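J.: Quick one, structure for this:
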Amino acid sequence: MGIERLIEETIDTWSAERPDLAFAAMSTSLKIGALVREVGDEISVRMAALGINVGEFDVLATLRRRGRGAVLTPKEIAAAAMVSPSGLTHRLVRLENMELIVRTADPADRRSALIRISPKGKRIADKAIEIVVEAEGRLFGALVGSEHKALDRTLDRLIAHIDSAATVDTPLCC
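T.: This next block holds a predicted model:
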């Protein structure tokens, strides 16, 4: 059964069981989730061939996109990569062991470190971003320009809604 049919069946069966609920948003969420999983799975497999996972790529990408000589603290990397500082620790250790980053003591704060991407890490990050752009381009290549722009505007509205809800400390979920 294809993804489209599976989503349709999910919505149809829930609608039959719970006709008192509106499932349009669930349908949209399932579709977005399926697209993210599909492209994410491809990216994960191809990055594994580079010896990294997507989380490690997030760290390398954060350093790489800051340009030559960028040096960040773990706290700055965690914020930019949207991961907790404790979740970042394992990534940093692994990347350092693979010689993809260089960690030095922070002279301003002895409890912290400064992280920079190594030349080897830069090469891996450049190959990985090519994988991401190619995979995502193939997915969104099914849309004509105006469709892509309309989808982007719609997603921007949803993200702004989430951001405004987060600023008033409203939980996003149960």
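J.: now the residue lying closest to Phe23 once chain neighbours are set aside, what's its secondary structure?
T.: Nearest non-adjacent residue to Phe23, counting by C-beta to C-beta, 6 or more residues apart in numbering: Ile11, 5.0 Å away. Heads up, the C-betas are built off the backbone N, CA and C, glycines and all. For Ile11, the assignment made with DSSP: H, G, I helix; E, B strand; the rest coil gives helix.
J.: What is the neighbour count of Ser118?
T.: Ser118: 17 surrounding residues under other C-beta atoms under 10 Å.
J.: List the residues that contact the closest residue in space to Ser84 that isn't next to it in sequence.
T.: Excluding its sequence neighbours, the residue lying closest to Ser84 (C-beta to C-beta, 6+ apart) is Ala78, at 6.4 Å. Taking C-beta atoms under 8 Å, 6 or more residues apart in numbering, we find Ala78 in contact with Ser84, Pro85, Gly87, Leu88.
J.: Counting neighbours, what do you get for the last one?
T.: Per other C-beta under 10 Å, the neighbour tally for Leu88 reads 20.
J.: How about the contacts made by it?
T.: Val59, Pro74, Ile77, Ala78, Ala81.
J.: Recalculate using a threshold of 6 Å.
T.: Leu88 is in contact with Pro74, Ala78, counting by C-beta atoms under 6 Å, 6 or more residues apart in numbering.
J.: Please, which helix or strand holds it?
T.: If you go by DSSP states H and E, Leu88 is part of helix 85-97.
J.: Please identify the next secondary structure element, helix or strand, after that helix.
T.: Criterion used, DSSP H and E; the element after helix 85-97 is strand 101-106.
J.: Is it possible to mark the buried ones in the contacts of Ala78?
T.: Neighbour-count burial (16 or more other C-beta atoms under 10 Å) is assigned, among those, to Leu88.
J.: Adding distance to Leu63, write the contacts of Ala78 out as JSON lines.
T.: Output for those, formatted as JSON lines (distance: C-beta to C-beta, whole Å):
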{"residue": "Ser84", "distance to Leu63": "18"}
{"residue": "Pro85", "distance to Leu63": "16"}
{"residue": "Gly87", "distance to Leu63": "17"}
{"residue": "Leu88", "distance to Leu63": "12"}
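J.: The contacts of Ala78 into TSV, with extra columns for pLDDT?
T.: Formatted as TSV, these follow (pLDDT from 0 to 100):
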residue	pLDDT
Ser84	88
Pro85	83
Gly87	84
Leu88	93
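J.: hey, which strand is longest across this structure?
T.: strand 109-117 (DSSP state E).
J.: tell me how far that one is from the chain's mean position?
T.: 24 Å (C-alpha atoms, centre = their mean, to the nearest Å).
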